[in-house]
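In: Need coordinates for the below:
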Amino acid sequence: QLAFANVIVQNTYYEVRDPKDYLYFQMHDDTRDGYFFTQGKAIHITWEKPDDQGIASNYTPTRYYDDAGNEIVINTGKTAICVVEDGDEVLFE
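Out: Sure thing, here's the model as predicted:
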């Protein structure tokens, strides 16, 4: 059984790269949406991963924001980040 204090769902651009259905996920992006789950609550978020010059980089942290534009606070504990294809429906209760 797995337990996490925080779960982040990132909607991400993807494309099929070859005849064997290899998927490429675009993890560097200006702004995409998703969800943040913590302490029994869920909120809609946006995420971005640019570097200090506005160009995506593997070495810059991904930033997560609520709908008011404030960076979210990730609570102490384990965090799972789930990447889902743009257009897939995320269901939760």
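
In: For Ala3, which non-adjacent residue is spatially closest?
Out: Lys78 (7.2 Å; Cβ to Cβ, 6 or more residues apart in numbering). All C-beta atoms are positioned from the backbone trio N, CA, C, and that covers glycine.

In: OK, contacts around the one you found?
Out: Counting by Cβ atoms under 8 Å, 6 or more residues apart in numbering, Lys78 makes contact with Ala3, Phe4, Ala5, Asn6.

In: Separate out the buried members of these.
Out: Asn6 (16 or more other Cβ atoms under 10 Å).

In: from the contacts of Lys78, which is closest to Cys82?
Out: Cys82 lies nearest to Phe4 out of these, by Cβ to Cβ, at 10.1 Å.

In: isn't that closest one right up against Thr76?
Out: No - in this structure, Phe4 is not within contact of Thr76 by Cβ atoms under 8 Å, at 11.7 Å.

In: before we move on, back to that, local confidence estimate at the residue nearest to Ala3?
Out: Predicted confidence (pLDDT) for Lys78: 96.

In: Then Glu93?
Out: According to the model, Glu93 carries a pLDDT of 68.

In: quick one: secondary structure of Ala3?
Out: The three-state assignment at Ala3 reads coil, by DSSP: H, G, I helix; E, B strand; the rest coil.

In: swap in Val9?
Out: Of the three states, Val9 takes strand under three-state DSSP.

In: Spell out the residue ranges of the strands in the chain.
Out: 6-12, 14-16, 23-25, 32-38, 41-48, 63-65, 79-85 (DSSP state E).

In: Need the contact partners of the fourth one.
Out: Counting contacts by Cβ under 8 Å, 6+ apart, the residues outside strand 32-38 that touch it are 5-13, 42-48, 64, 66, 72, 74-75, 86, 90, 92.
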